[in-house]
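S.K.: Coordinates for the following, if possible.
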Amino acid sequence: MGLDAHVVLYTEPHRLQLCENGQPAADYRVAFGRGGTGRQREGDRKTPLGVYSLGPAHASAEFGLFLPVGYPTDAQRRRGLTGGDIGIHGPKRGCYLSTGANPDRSCGPQFGWAQMVQQTGA
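M.R.: Numbering: from 1, shown residues only. Below you'll find the predicted structure:
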């Protein structure tokens, strides 16, 4: 297909942007892990920052849909970062979370990587 597609997460305005061929295709308001950002270890409940591969979306009993994020990378593991089961998903089933995002919409496997960035308010 040759589609240059990716996901960019902006932490300060709590936005997730789907991009195709270098242009925004969709924009959603999102929530992060309860511990904030800058994940370092398993269980810290933080959202990692970095550039990650994305796996194919799959059904999840807990979240409806789950899009796996390739955290930690090999380089991050070598630096001692731990954890797993990181993904882009809607709220837990049975909970109401007003994020403005549609938890049932999947960007699917064509979105090949995610860039989790901290925006400092340029």
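S.K.: Report the helix or strand with the lowest average pLDDT across the protein.
M.R.: strand 113-117 (a mean of 51; mean pLDDT, DSSP states H and E).
S.K.: Flag every buried residue along the helix or strand harbouring Val51.
M.R.: Mapping Val51 onto the secondary structure by DSSP states H and E places it in strand 50-53. Of the residues in strand 50-53, 50, 52 count as buried by neighbour count, 16 or more other C-beta atoms under 10 Å. Every C-beta, even on glycine, is put in place using the N, C-alpha and C of the backbone.
S.K.: and that strand, what does it pack onto?
M.R.: Using 3 or more C-beta pairs under 8 Å, 6 or more residues apart in numbering; DSSP states H and E, the elements in contact with strand 50-53 are strand 113-117.
S.K.: Disregarding flanking residues, what is the spatial nearest neighbour of the spatially most central residue of the chain?
M.R.: Most central in the chain under C-alpha atoms, centre = their mean is Ile88, positioned 4.1 Å from the mean C-alpha point. Leaving aside its chain neighbours, Ile88 sits nearest to Leu67 (4.3 Å; criterion: C-beta to C-beta, 6 or more residues apart in numbering).
S.K.: Cross-check the contact I'm expecting between the one you found and Ser53.
M.R.: No: here Leu67 lies out of contact with Ser53, judged by C-beta atoms under 8 Å, at a distance of 11.1 Å.
S.K.: This structure: helices as residue ranges?
M.R.: 74-78 (DSSP state H).
S.K.: which residues of it fall in strands?
M.R.: 5-10, 15-20, 23-29, 50-53, 58-60, 64-68, 87-89, 113-117 (DSSP state E).
S.K.: Point out the most buried one among those strands.
M.R.: Among those, ranked by average contacts under mean count of other C-beta atoms under 10 Å, first place goes to strand 87-89 (a mean of 21).
S.K.: Any regions of this structure where pLDDT drops low?
M.R.: 1-3, 94-122 (pLDDT under 70).
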